[in-house]
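Chemist: how does the following fold in three dimensions:
(2 chains)
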There are 2 protein chains.
Amino acid sequence: MTSPIKLAIVGVGKIVYDQHLPAISANPDFTLVATASRNNTIDNVPSFPTIEAMLEAHPEIDAVSLCMPPQYRYAAARKALAAGKHVFMEKPPGATLSEVADLDAYAAEQGVSLFASWHSRYAPGVQPAKSHLAANAPTSMHVIWKEDVRQWHPNQDWIWQAGGLGVFDPGINALSIVTEILPSAVFLTKAALEFPENRDAPIAADLHFQNADAVKVHAEFDWRQTGKQSWDIVVTTVQGELRLADGGARLWINGAEQPLEKEAEYPSLYQRFAALIRAGQSDVDVSPLRHVADAFMLGRRKVVEAFHD
Amino acid sequence: MTSPIKLAIVGVGKIVYDQHLPAISANPDFTLVATASRNNTIDNVPSFPTIEAMLEAHPEIDAVSLCMPPQYRYAAARKALAAGKHVFMEKPPGATLSEVADLDAYAAEQGVSLFASWHSRYAPGVQPAKSHLAANAPTSMHVIWKEDVRQWHPNQDWIWQAGGLGVFDPGINALSIVTEILPSAVFLTKAALEFPENRDAPIAADLHFQNADAVKVHAEFDWRQTGKQSWDIVVTTVQGELRLADGGARLWINGAEQPLEKEAEYPSLYQRFAALIRAGQSDVDVSPLRHVADAFMLGRRKVVEAFHD
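Modeler: Got it, this is the predicted structure:
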């Protein structure tokens, strides 16, 4: 039996307390040996203000999970890779596509594993939906990702800064599912992005995708949704209709709800990370982030009323 | 001796008359057999209103040059590749990165050559500059690409539409040189894009790049330049200074102008395309377009005064 992978976390915040820690604690493949964070610590785990200090004090670290905002991911990832550590990156894997390409090449050069994680791909309905669409060709898809930013990202200033992605921060979860379940790639043909007049990131986006097989995908992202929240994907197939709801946690095929495994997105991510490390492999699929970059490049900008938290 | 490659051109406009036709005429590897274009024709060459009509009437076509605006490139490229033709794409290779990735995969599947061309990389000073920087590490680079849009793109509405790229249409030429001559990749860390209040594409951009070796690149693109036009790249190296001017047509090293070959960007592109076809290879480097997408995604938007042709 192999010994546990000595893991460190960099960037301790809400997602770490809510998701990473329970997943790591429950996984015998990992043991948490240190954290680095400017503001937060984890009880009974050695804490450091910087990744440099942490790596110097704990040379036994095998792997690092990077959970800071994407604008700061690259520098930390380069340092961890330079020290020969395997790297897990929260989504999105970077602030630019070019830096992710650089990290991908550098991880290969260093002979370590790099994992660009997309947690929504591990929602319980996603693999069953993928299997169904492989056998029943989709003709169109409607993605509705509408949530209340005040509830899910209260006072998170970084998300509204240039590079913070705005409504694409949740929207990229939908795109990570779309790119996973579709049998062939789609690309953007038309997009409109709504920017609040006092913010540098969009609060809503309307996206039209297509592909050579003429599958049409329409995605609507909106952060101004109050009341019922929507994270739904409805697919018309040659044979009927497939519907993923609650971000992939529930699945209907032709109106019949399908029995699914229990939700285990982050536990699955850490199982995948351990498997990548044991196999000496990387998994860096940039397609969700590439669609976001395409939307910013191709999209028409509309200025809308100011948003205040 | 191999017979000439039977070439067709799709999208006949200014760049075709100015650059493609002279380059093709002078190259014995190619013979021009047909064109497809909504508005324009070429004397003594069979012309068709659509690529479909052209491919049907001239099944002997081996290869196609796509010279329409980038928003229309994908559909034509898919049709040409589906018909088993080799494809040359004017820059930029598409309106989105995702569609270029799709074309790249599809060309491989079809067993034909796809060439995403970057004409500025064939400016006479570029390869000598690249050799010099391989031997003399750069520490910083300043890119100044400032021209008068009224002179170079009079009344080209498509360039101002969403997806038309605005000032990045010339700026991507600079980025194609930067990515060619730098010994290691850089990526964007900060950007500001200026959008005229009546346009959907930027008229100016200020870009800061960096890399793991801490090489800093500052690029300024501006379409409001009257008087002297600037297409200059100034590089500080460990050993002195390298300066490319006139879009790569002139080169100084430590103040001494270097003797260069005569300008032959498009003739070189067609030599390269013929070589790729003969060798059964593709050349699809998206890094210049990826930097542009990154700039739209990461960049802060500023609305500036309206622009009228």
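
Chemist: look up the closest residue to whichever residue of the stretch 101-250 of chain A sits closest to chain B, ignoring the ones flanking it.
Modeler: Minimum separation of the stretch 101-250 of chain A from chain B (Cβ to the nearest Cβ) falls at A:Phe187, amounting to 3.7 Å. Using the backbone N, CA and C atoms, a C-beta is placed for each residue, glycine as well. The shortest distance from A:Phe187 to any non-neighbouring residue, by Cβ to Cβ, 6 or more residues apart in numbering or on different chains, is to B:Ser98 (3.7 Å).

Chemist: so which strand or helix has the one you found?
Modeler: Applying DSSP states H and E as the criterion places B:Ser98 in helix B:97-110.

Chemist: what's the answer for A:Val33, then?
Modeler: Assigned by DSSP H and E, A:Val33 falls within strand A:30-36.

Chemist: parallel or antiparallel, list what pairs with whichever helix or strand comes after that strand.
Modeler: Using DSSP H and E, the helix or strand that follows strand A:30-36 towards the C-terminus is strand A:47-48. Its sheet considered, strand A:47-48 pairs with strand A:30-36 (parallel) by DSSP bridges.

Chemist: give me the distance from the strand it pairs with to the chain's centre.
Modeler: In terms of Cα atoms, centre = their mean, to the nearest Å, the centre of strand A:30-36 is set 22 Å apart from its chain centre.

Chemist: for that strand, C-alpha coordinates in PDB please.
Modeler: Output in PDB follows, covering the C-alpha atoms of strand A:30-36 (Å, rounded to 0.1, in the frame of the first residue of the first chain):
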ATOM      1  CA  PHE A  30      -4.100  12.500   1.300                       C
ATOM      2  CA  THR A  31      -2.800  14.000   4.500                       C
ATOM      3  CA  LEU A  32      -2.900  17.700   5.000                       C
ATOM      4  CA  VAL A  33       0.400  19.000   6.300                       C
ATOM      5  CA  ALA A  34       0.400  22.800   5.900                       C
ATOM      6  CA  THR A  35      -1.500  25.800   4.600                       C
ATOM      7  CA  ALA A  36      -0.400  29.200   3.300                       C
END
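
Chemist: what packs against the lowest-mean-pLDDT helix or strand in chain A?
Modeler: The weakest-scoring helix or strand in chain A, judged by mean pLDDT, DSSP states H and E, is helix A:14-15 (a mean of 90). Helices and strands touching helix A:14-15, by 3 or more Cβ pairs under 8 Å, 6 or more residues apart in numbering or on different chains; DSSP states H and E: there are none.

Chemist: after that helix, which helix or strand is next?
Modeler: Next along the chain from helix A:14-15, counting by DSSP H and E, comes helix A:21-25.

Chemist: how about the residues of the stretch 1-150 of chain A by chain B?
Modeler: Residues of the stretch 1-150 of chain A found near chain B (Cβ under 8 Å from any Cβ of the partner chain) are A:74, A:78, A:95-99, A:101-102, A:105-106.

Chemist: swap the cut-off to 7 Å and go again
Modeler: A:78, A:95-99, A:102 (Cβ under 7 Å from any Cβ of the partner chain).

Chemist: packing partners for the strand or helix carrying A:Thr189?
Modeler: Applying DSSP H and E as the criterion places A:Thr189 in strand A:187-196. Using 3 or more Cβ pairs under 7 Å, 6 or more residues apart in numbering or on different chains; DSSP states H and E, the elements in contact with strand A:187-196 are strand A:204-210, helix A:287-298, strand A:300-304, helix B:97-110.

Chemist: can you check which of those gets nearest to B:Ser3?
Modeler: Set against B:Ser3 and scored by Cβ to Cβ, the helices and strands packed on strand A:187-196 come closest in helix B:97-110, at 21.4 Å.

Chemist: now do the next helix or strand after the closest one: everything it contacts.
Modeler: Per DSSP H and E, helix B:97-110 leads on to strand B:114-116 as the next helix or strand towards the C-terminus. The contact list for strand B:114-116 (Cβ atoms under 7 Å, 6 or more residues apart in numbering or on different chains) reads B:87-89, B:93, B:100, B:103-104, B:107, B:272-273, B:276, B:282-286.

Chemist: list just the nearest of those to A:Thr35.
Modeler: B:Val286 (36.8 Å).

Chemist: quick one on the thing from earlier: parallel or antiparallel, list what pairs with the strand holding A:Thr189.
Modeler: Counting by DSSP bridges, strand A:187-196 is paired with strand A:204-210 (antiparallel), strand A:300-304 (parallel).

Chemist: domains in chain A, by residue range?
Modeler: Chain A breaks down by automatic domain parsing into domains covering A:5-116, A:120-263+A:293-304.

Chemist: now the strand holding A:Val33: buried residues?
Modeler: Under the neighbour-count criterion of 16 or more other Cβ atoms under 10 Å in any protein chain shown, strand A:30-36 has A:30, A:32-36 buried.

Chemist: how about the backbone phi and psi for A:Ser113?
Modeler: For A:Ser113, the backbone dihedrals are phi -90, psi 140 (criterion: degrees, to the nearest 10).

Chemist: look at it and report its pLDDT.
Modeler: In this model, A:Ser113 is scored at 98, pLDDT.

Chemist: quick one: it and B:Trp145, what's the gap?
Modeler: 39 Å (Cβ to Cβ, to the nearest Å).

Chemist: same check, this time on A:Leu193
Modeler: Distance from A:Leu193 to B:Trp145, by Cβ to Cβ: 26 Å.

Chemist: before we move on, the earlier item: ok, of the buried residues of strand A:30-36, which one's closest to chain B?
Modeler: Closest approach to chain B among the buried residues of strand A:30-36 (Cβ to the nearest Cβ): A:Ala36, at 19.3 Å.

Chemist: for the closest one, what are its contacts?
Modeler: A:Ala36 touches A:8, A:10, A:48-51, A:53-54, counting by Cβ under 7 Å, 6+ apart.
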